[in-house]
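S.K.: Following is a predicted model, sequence given first.
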Amino acid sequence: MDLDGSEQDPEVKEHSPVYVGREEDIKKSERMTAVVHDREVVIFYHKGEYHAMDIRCYHSGGPLHLGEIEDFDGRPCIVCPWHKYKITLATGEGLYQSINPRDPSAKSKWCSKGVKQRIHKVTVDNGSIYVTLSNEPFKCDSDFYATGDFKVIRSPF
Ligand code: FES
């Protein structure tokens, strides 16, 4: 039962927006962490846009909130501090650089492994920031570290 005494379908509740902080604060720090319906997320403010994703890297659970943001092929990515995987902020795609072993002189190019990190929705209302968990039905690799035995919730940094 909710604080207001109402019952809510847990499925619906899990995808309701949760207040995570003030716009003025994230604009200064450019990132913040939050727990949204028992799921730990990181929210980035980068070049005027907000992005939220699972905080643990899809590869091996690295702390994405401690990574650097860099552009690869013109796409802003968080670079995981553990093994330097690159994840696009906008879509959660894992990027890799392909080379042609038969033509070492050819320029390498950036390619996508597909969506690996679950991206959540950020909304701003009157200076307040809210995160709504993704309800995309597909399985994302980062779900592994966001749910079940591997879930680790830490206090905000
Ligand atoms: Fe992130 Fe390995 S844990 S790159």
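M.R.: Alright, I've got the coordinates. Residues are numbered from 1 along each chain as shown.
S.K.: Please make it C-alpha for all contacts and neighbour counts, starting now.
M.R.: Noted.
S.K.: V18 reaches D125, doesn't it?
M.R.: No - using CA atoms under 8 Å as the test, V18 is too far from D125 to be in contact (11.7 Å).
S.K.: In contact with C111, which residues?
M.R.: 95-98 (CA atoms under 8 Å, 6 or more residues apart in numbering).
S.K.: Any idea what it is bridged to?
M.R.: Following DSSP bridges, C111 is listed with bridge partners Y96.
S.K.: where's it relative to S134, distance?
M.R.: Using CA to CA, to the nearest Å, one gets 24 Å for the distance from C111 to S134.
S.K.: picking up where we left off before, so which of the contacts of C111 is surrounded by the most neighbours?
M.R.: L95 (21 neighbours; other CA atoms under 10 Å).
S.K.: so where's the chain uncertain?
M.R.: Within the chain, the ranges that satisfy pLDDT under 70 run 1-8, 10-11, 149, 152-157.
S.K.: Scan it for its longest helix.
M.R.: Longest among the helix segments of the chain by residue count, using DSSP state H, is helix 23-29.
S.K.: gap between the helix or strand following that helix and the chain center?
M.R.: Downstream of helix 23-29, the next assigned helix or strand under DSSP states H and E is strand 31-36. Chain-centre distance of strand 31-36: 10 Å, with CA atoms, centre = their mean, to the nearest Å.
S.K.: helices or strands up against strand 31-36?
M.R.: strand 18-22, strand 39-46 (3 or more CA pairs under 8 Å, 6 or more residues apart in numbering; DSSP states H and E).
S.K.: Tell me where the chain has strands.
M.R.: For the chain, strands defined by DSSP state E occupy the ranges 18-22, 31-36, 39-46, 49-54, 68-72, 75-79, 86-88, 93-98, 109-115, 119-125, 128-132.
S.K.: What is the neighbour count of D54?
M.R.: For D54, the number of neighbouring residues by other CA under 10 Å comes to 28.
S.K.: I'd guessed it sits against A146; true?
M.R.: Yes - at 6.8 Å, D54 and A146 qualify as touching, with contact defined as CA under 8 Å.
S.K.: Between those two, which contacts overlap?
M.R.: With CA under 8 Å, 6+ apart, D54 and A146 have common neighbours 39-40.
S.K.: How much space separates the residue positioned nearest the centre of the chain from the ligand?
M.R.: Geometric centre of the chain, nearest residue: M53, 1.4 Å, by CA atoms, centre = their mean. Per CA to the nearest ligand atom, to the nearest Å, M53 is found 13 Å from the ligand.
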